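Trainee: Fold the stuff below for me.
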Amino acid sequence: MALEPEVIFLVDLLAIFAIYVIVNLSLNMEFGYTGIPNFGKVLAVGAGAFVAASIPGRIFANIAGIEGDYITENLVIVSQINLWLVDNVGIGFAVFFLTLGVAGIVGGGLGLVTSYPAIRLRGDYLAITLLAFGESIRIIGNNFTPLVGGTLGVQVPDPLSFLPNELRFPIATIGLVSIAAAVYLYSEKMMRSPLGRMMKAIRDNEIVAASLGKDTAKIRIKVIIVSAGLAAIGGALYAFYVGGTIAFAYDRASWTFWPFLMILIGGLANNKGVLVGTLIFVVLRKVIIYFKDSFEGYVPFDVVWLDFLLLGGILLAVLLYRPQGIFPQKPTHTVSNGIAWYRKWF
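Mentor: This is a model prediction of the structure:
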């Protein structure tokens, strides 16, 4: 039985919301709590998606004995893999979680590479440098065909192919929301630990934090690595959800500027604000995209630009009239075992 259009709309909305929550929480760690203007967020997100597009399909094909060039014969091979996964559910989930782990490691590795400019640069110089890093992922994806098929892209195997079509997206959405909830709890615990207070101290006055004996460079590096790993996991989940990856889909507007807009709407250094800002943005954009054809002939420009113009206007309104966001930063209480948690991991 096919799902109602309203149900499909809601399921897709929640799935995109969950993915952006993961990416935005990682950005909030960097920018909201530590003051690192990471305008290259798309680098980690795209890297995670490229891992999902290049690794699990080849693993499945090798295990199942499916021959052929994975890029040039991608549609045929992935179709055969999805049929094979119907009878090999356990292997499908094992490779899926392995892929998320690899995506997190790759993202963390790229975070380590991009963290070195963050040691020496500040403000606009750091933002522009990280922006340049972010542009590299799309260029590599478009021009290095063996990675994700170049400008044609590739399909991604579906670990949920054993489910009926009407259940595939609802079950995937439940999984995405669960992972987003786990990332939210992790972020909340981190921010309520002594580490979270140190991050805010570095953001507010790095010189004072360093004068008190804190290794600010080490903390900045670790924050970038952790947030990049989380963003890469979000990118891999998005690739699995949509069932394919193409390089030009990972542009700075969708995976850098929109996340900044969401956390600015909700409120910096406030994870609850991230949830609210992300929900408002995703709902508004989905509604605009769904109904914008109705405005054809009523606006003096192509309606394809309607969501960009309206959401850009919202950003300007927020910056002018409520720059602190809907939920401004508030004092947080340290968790009871926060000191032990901080000493264990940092």
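
Trainee: Report pLDDT for residue 20.
Mentor: pLDDT for residue 20: 97.

Trainee: my guess is it is in a helix, correct?
Mentor: Yes - judged by DSSP: H, G, I helix; E, B strand; the rest coil, residue 20 forms part of a helix.

Trainee: Listing request: residues of the protein with sub-threshold pLDDT.
Mentor: 1-2, 330-346 (pLDDT under 70).

Trainee: how about the strands in it?
Mentor: Here the chain has its strands, by DSSP state E, at 154-155, 244-245.

Trainee: Torsion angles phi and psi at the residue in the chain sticking out farthest from the centre?
Mentor: Here the chain reaches farthest from its C-alpha mean at residue 297, the gap being 35.4 Å by CA atoms, centre = their mean. Dihedral angles of residue 297 (phi, psi; degrees, to the nearest 10) stand at phi 90, psi -10.

Trainee: Let me see the contact set for residue 210.
Mentor: With contact set as CB atoms under 8 Å, 6 or more residues apart in numbering, residue 210 has these partners: residue 216. All C-beta atoms are positioned from the backbone trio N, CA, C, and that covers glycine.

Trainee: how close does it get to residue 217?
Mentor: As judged by CB to CB, to the nearest Å, residue 210 and residue 217 stand 9 Å apart.

Trainee: How about residue 289?
Mentor: For residue 289, the distance to residue 217 - CB to CB - is 43 Å.

Trainee: With residue 14 instead?
Mentor: 39 Å.

Trainee: looking at the strands of the chain, which is closest to residue 112?
Mentor: Closest to residue 112 of the strands of the chain is strand 244-245 (CB to CB; 23.4 Å).

Trainee: which residues touch the very next helix or strand once past the closest one?
Mentor: Using DSSP states H and E, the helix or strand that follows strand 244-245 in sequence is helix 252. Contacts of helix 252 with the rest of the structure, by CB under 8 Å, 6+ apart, involve 39, 42, 131, 134, 135.

Trainee: Cross those against helices and list the overlap.
Mentor: In helices, defined here by DSSP state H, the members of those are 42, 131, 134, 135.

Trainee: ok, back up a step: give me the more crowded residue out of residue 289 and residue 217.
Mentor: residue 217 (16 against 13; other CB atoms under 10 Å).

Trainee: hmm, back to that, tabulate the strands of the chain (TSV), appending mean neighbour count and distance to residue 10.
Mentor: Output for the strands of the chain, formatted as TSV (neighbours: other CB atoms under 10 Å; distance: least, CB to CB, whole Å):
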stretch	mean neighbour count	distance to residue 10
strand 154-155	22	26
strand 244-245	24	23
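
Trainee: As a markdown table, those strands with distance to residue 303 would be great.
Mentor: Formatted as a markdown table, the strands of the chain follow (distance: least, CB to CB, whole Å):
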| stretch | distance to residue 303 |
| --- | --- |
| strand 154-155 | 30 |
| strand 244-245 | 26 |
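
Trainee: on that earlier part again, quick one: which of the ones in helices among the contacts of helix 252 has the most company?
Mentor: residue 42 (29 neighbours).

Trainee: any idea how far residue 143 is from the nearest residue to that one once chain neighbours are set aside?
Mentor: Nearest non-adjacent residue to residue 42, counting by CB to CB, 6 or more residues apart in numbering: residue 255, 4.0 Å away. Residue 255 is 19 Å from residue 143, where distance means CB to CB.

Trainee: list the contacts for the residue nearest to residue 42?
Mentor: 23, 41, 42, 45, 46, 235.

Trainee: List the residues that contact the third one.
Mentor: Remark: with contacts taken as CB under 8 Å, 6+ apart, residue 42 is in contact with 134, 135, 137, 138, 250, 251, 252, 254, 255, 256.

Trainee: same thing with the last one?
Mentor: If a contact means CB under 8 Å, 6+ apart, then residue 235 has 23, 44-50, 52, 103, 107, 250, 255 as its contacts.

Trainee: Repeat that for the fourth one.
Mentor: The contact partners of residue 45, taken as CB under 8 Å, 6+ apart, are 23, 231, 232, 234, 235, 238, 250, 255.

Trainee: Got a PyMOL select line for the buried ones in those residues?
Mentor: To isolate the buried members of those in PyMOL, using 16 or more other CB atoms under 10 Å:
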select buried, resi 23+231+232+234+235+238+250+255
